[in-house]
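**Q** let's see this in three dimensions:
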Amino acid sequence: MGVELELHAGRPARDGSSLLRGSYEHGEALARVLDGVDTGRLSWVDPYGDTMFNEQVAEAALPQVSALLRDCTDPAARAALTDLAGMLEACAATPGSYLWFMGD
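**A** Reported below is the predicted structural model:
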């Protein structure tokens, strides 16, 4: 099981033209971290399906990621959370964008 991330300029287009950047290397670690979250915006992420955050939800999730990072000691989980934080920040700063969590 893993969760990959893609940041899109708008609603994801089938042809990939809306893709701004992706994160595919921390999928398993990110899925483990998100599996333990049962409150807040990050609890909305479906590790087996797709979840999309718009810029407002991404901004609201940032403090939750910061809190998780403060308590995280696992290097793989820290790398996944740091990457997630960067993607959330980019989404929050890009009007009309979406962060797509792709579970499997």
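**Q** hey, let's count contacts and neighbours off CA atoms from now on
**A** OK.
**Q** measure the most centrally placed residue in the chain to Asp15 for me?
**A** Among the residues of the chain, Leu84 comes closest to the average C-alpha position under C-alpha atoms, centre = their mean, at 4.8 Å. Distance from Leu84 to Asp15, counting by C-alpha to C-alpha, to the nearest Å: 24 Å.
**Q** return the residue of the chain that is most distant from the centre.
**A** Asp15 (21.3 Å).
**Q** just say helix, strand or coil for that residue.
**A** Of the three states, Asp15 takes coil under DSSP: H, G, I helix; E, B strand; the rest coil.
**Q** if we can go back for a sec, now the residue nearest to the centre of the chain: phi and psi?
**A** Note on Leu84: its backbone torsions stand at phi -60, psi -40 [degrees, to the nearest 10].
**Q** residue contacts, it?
**A** Listed by C-alpha atoms under 8 Å, 6 or more residues apart in numbering, the contact partners of Leu84 are 5, 65.
**Q** since that was my last question, I'll sign off now.
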